[in-house]
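Asker: Okay, here's the prediction I keep looking at, along with the sequence it came from:
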Amino acid sequence: MTENKNLTQYDKKQTSGIELQSRIDSGKWFASFGANYRLKQRTCDKSTAFNYDVYNNRIPKCIDGGFGATRFYQTMQPKYSLNLDVGTRRFNNRLELGMRGIYHSTVDTDQQDELARQGLARIMQASGRPYHWRSALVLDAYGRYNFGKNLSMNFSVSNLTNRYYLDPMSNVPIPAPGRAVTVGFTGKF
């Protein structure tokens, strides 16, 4: 949908990347690691590119993110992200403790920045630039204790370091929640 609320069909959307997922579990210790690397995320449309610069034709037909007031551009993925989860099980698996770290890189707007330097910022005024979230490392700690087969307690501390950051691909410039402590009980009857 465009900035005028018109429905638009673009020529193509190109995405590619590399993803790695791994997990190891020895019973007492466990860990998982994941990594994503975005190679390409762009929207292509020859007529839209032409309409943004009719006389000089300086807008490329493929734009990182996308054209217009679509969610394509505002929801650009980080160039890369990493997540690591490590933990242990103790007391005959009654206690599980773990820690999770999630890292994401900053948003990459090099192509749009170059177009703005050339005086072609109109494309961004119509498309709405993504919020410039910065890279962030967020740590969480969690645990679970089983009192028996019918009662357990879960606890977690999210954003352990109380980091101020914007979530990647955020639609609004509001920071993610700060440190949060959660405790809960589960009972089976």
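Answerer: Received the coordinates, thanks. Residues are numbered from 1 along each chain as shown.
Asker: So what touches stretch 78-92?
Answerer: With contact meaning CB atoms under 8 Å, 6 or more residues apart in numbering, stretch 78-92 is reached by 27-38, 95-108, 135, 168. Where you see a C-beta, it was placed from the backbone N, CA and C, and this is true even at glycine.
Asker: Type out the ChimeraX command that picks the buried ones from these.
Answerer: In ChimeraX, this line selects whichever of these come out buried by 16 or more other CB atoms under 10 Å:
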select :30,36,38,96,98,99,100,103,104,105,107,108,168
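Asker: Please report how far Cys62 lies from Val172.
Answerer: 27 Å (CB to CB, to the nearest Å).
Asker: Looking only at neighbour counts, state which of those two leads.
Answerer: Neighbours of Cys62 and Val172, each counted by other CB atoms under 10 Å, are more numerous for Cys62; the result is 19 against 8.
Asker: Just confirm the more buried one contacts Gln41, I think it does.
Answerer: No: Cys62 is beyond contact range of Gln41, at 10.5 Å (criterion: CB atoms under 8 Å).
Asker: host element of Leu115?
Answerer: Per DSSP states H and E, Leu115 falls inside helix 110-117.
Asker: That helix packs against which elements?
Answerer: Here helix 110-117 touches strand 62-64, helix 122-127, going by 3 or more CB pairs under 8 Å, 6 or more residues apart in numbering; DSSP states H and E.
Asker: coming back round to it: okay, and the common contacts of Cys62 and Gln41?
Answerer: Common contact partners of Cys62 and Gln41 (CB under 8 Å, 6+ apart): Gln14.
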